[in-house]
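> got a predicted structure here, sequence first:
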Amino acid sequence: MKHTKGPWILESLAGHRFSILKEGVGGGNTMIATLSTSDGNARLIASAPEILEALESLLARVNQLESNSKSACLLQVDQALAVIAK
């Protein structure tokens, strides 16, 4: 999966417009996207790289469990993998 690595910065513009920025080396930011949405949706989008990282870390930990413990959460693992694949 290709995406711009995080963390991303959320910048509020006029109205319900937001910019998503990637912090650059030396202080220069790169604009990833500009969107019109609610504040909550914008914050969720801006946190996507951290959410993905946390989910991948959780899946790695589940894969380390013994098989009887792992089988108890296979449905959730499949759901997580499906979300990551989107």
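Nice, thanks for sending it over.
> low-confidence regions, the chain specifically.
1 (pLDDT under 70).
> all strands of it, in order?
8-12, 17-23, 29-36 (DSSP state E).
> tell me what angle the shortest one forms with strand 29-36.
Okay, so that is strand 8-12. In terms of direction (axes from the mean of the first three to the mean of the last three Cα atoms, to 10 degrees), strand 8-12 departs from strand 29-36 by 50 degrees.
> strand 8-12: partners in the sheet, and parallel or antiparallel?
strand 17-23 (antiparallel) (DSSP bridges).
> export the strand it pairs with to CSV, keeping only CA atoms.
Output of strand 17-23 as CSV, limited to C-alpha atoms (Å, rounded to 0.1, in the frame of the first residue of the first chain):
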residue,chain,number,x,y,z
ARG,A,17,-12.0,23.6,4.4
PHE,A,18,-8.8,21.9,5.6
SER,A,19,-5.4,21.2,4.3
ILE,A,20,-3.5,18.0,5.2
LEU,A,21,0.2,18.6,5.3
LYS,A,22,3.3,16.4,5.7
GLU,A,23,5.9,18.1,7.9
